[in-house]
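Novice: have a look at this fold, sequence not included:
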């Protein structure tokens, strides 16, 4: 039987309330290798400069919920064995991992490669991209968690590359019982993650790769390198410490240890390319 890999393009920006996520997702789609299988693009409204509506403590809640449901419907049309998702903010992984959890059940493990745990809810933070892993585990907004009929089990989730967390996240991590491996432990080896895969008997693996796990001094298209940000804009927010080649090595190693059935790449913010695009749009000859 032929295995199907669905590619989902989801230029969602409202989860982080950052319009530049849309451009980052569009450029990521162009950068990705050619794909011969089925492909879906989730319709996401373009930013128009309007203020974000706040509903039940979540910015852009209605739009985000509609987009999550559209992504789920797109996936269900294809019944894929594997899903590659190109985002967009981190919330784009709600529908893909929700689908994979339903399809593979307790055979599935989730490797969350991220500088942050993404386990908060509206009670702690209004940006839903910081809620997504919690939602997949059953914590948070009821309408979003309902989109995940088979919730993840904490032992089959590993957060990789997270070096620290904030005061709000600490009790949630303890409550959920989530394990994590810091970037320093993965600098030279993938063994801690491979040990987890073996210990839990994981045969199928979904990977969430938030680019902000990368060290902003070595990888530029990240939120923390926003050129117009105030000097203290990211004070108190944990920044990534991994290098791209370390993450690539980790992904290759885990692919050899389990069937990678999901990969989402998120939070690509190519600030210089965005500046160049906007600059070119100002030139009269380009409009002729």
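Specialist: Received the coordinates, thanks. These figures come from a predicted structure and were not determined experimentally. Residues are numbered from 1 along each chain as shown.

Novice: from here on, just use CA atoms for contacts and neighbour counts.
Specialist: OK.

Novice: buried residues, stretch 69-81. List them.
Specialist: 69, 70, 71, 72, 74, 75, 80, 81 (16 or more other CA atoms under 10 Å).

Novice: just the pLDDT at the first one, thanks.
Specialist: pLDDT for residue 69: 98.

Novice: ok, then the element right after the one helix or strand it maps to?
Specialist: Here residue 69 sits within helix 61-78, counting by DSSP states H and E. Scanning forward in sequence from helix 61-78 by DSSP H and E, the next helix or strand is strand 82-87.

Novice: quick one: strands adjacent to that following strand?
Specialist: In its sheet, strand 82-87 lies beside strand 5-10 (parallel), strand 259-266 (parallel), with partners assigned from DSSP bridges.

Novice: touching the longest one from outside, list them.
Specialist: Where contact means CA atoms under 8 Å, 6 or more residues apart in numbering, the residues beyond strand 259-266 that reach it are 25, 81-90, 92-93, 96-97, 100, 203-211, 254.

Novice: gap between residue 140 and residue 276?
Specialist: Distance of residue 140 to residue 276, computed by CA to CA, to the nearest Å: 39 Å.

Novice: more neighbours: those two, which one.
Specialist: residue 140 (20 against 10; other CA atoms under 10 Å).

Novice: let me know the secondary structure of the more buried one.
Specialist: Under DSSP: H, G, I helix; E, B strand; the rest coil, residue 140 falls in the coil class.

Novice: now do the contacts for it.
Specialist: Residue 140 touches 120, 121, 122, 131, 134, counting by CA under 8 Å, 6+ apart.

Novice: 6 Å instead, please
Specialist: Contact partners of residue 140, counting by CA atoms under 6 Å, 6 or more residues apart in numbering, are residue 121.

Novice: cool, residue 223 as well?
Specialist: By CA under 6 Å, 6+ apart, residue 223 has no neighbours at all.

Novice: after the stretch of helix or strand residue 174 belongs to, which helix or strand is next?
Specialist: Residue 174 belongs to helix 169-176 when elements are defined using DSSP H and E. Per DSSP H and E, the first helix or strand lying C-terminal to helix 169-176 is strand 179-181.

Novice: chain center to that next one, what's the gap?
Specialist: 17 Å (CA atoms, centre = their mean, to the nearest Å).

Novice: over to stretch 197-216?
Specialist: With CA atoms, centre = their mean, you get 11 Å for stretch 197-216.

Novice: can you list the buried residues in it?
Specialist: For stretch 197-216, by 16+ other CA under 10 Å, it's 197, 202-216.

Novice: end to end on it, go ahead and measure it.
Specialist: 29 Å.

Novice: then stretch 275-288?
Specialist: By CA to CA, one end of stretch 275-288 lies 20 Å from the other end.

Novice: in which helix or strand does residue 100 reside?
Specialist: Counting by DSSP H and E, residue 100 is found in helix 94-104.

Novice: roughly how far out does that helix sit from the chain middle?
Specialist: Worked out by CA atoms, centre = their mean, helix 94-104 lies 14 Å from the chain centre.

Novice: tell me what that helix is packed against?
Specialist: Packing partners of helix 94-104 (3 or more CA pairs under 6 Å, 6 or more residues apart in numbering; DSSP states H and E): none among the helices and strands.

Novice: please repeat the previous calculation with a cut-off of 7 Å.
Specialist: helix 61-78, helix 132-136 (3 or more CA pairs under 7 Å, 6 or more residues apart in numbering; DSSP states H and E).

Novice: give me the most central residue, this structure.
Specialist: residue 90 (3.2 Å; CA atoms, centre = their mean).

Novice: give me the distance between the two termini of stretch 202-221.
Specialist: Termini of stretch 202-221 sit 32 Å apart (CA to CA).

Novice: neighbouring contacts of that stretch?
Specialist: 90, 97, 107-115, 161, 222, 224-225, 239-244, 258-271 (CA atoms under 7 Å, 6 or more residues apart in numbering).
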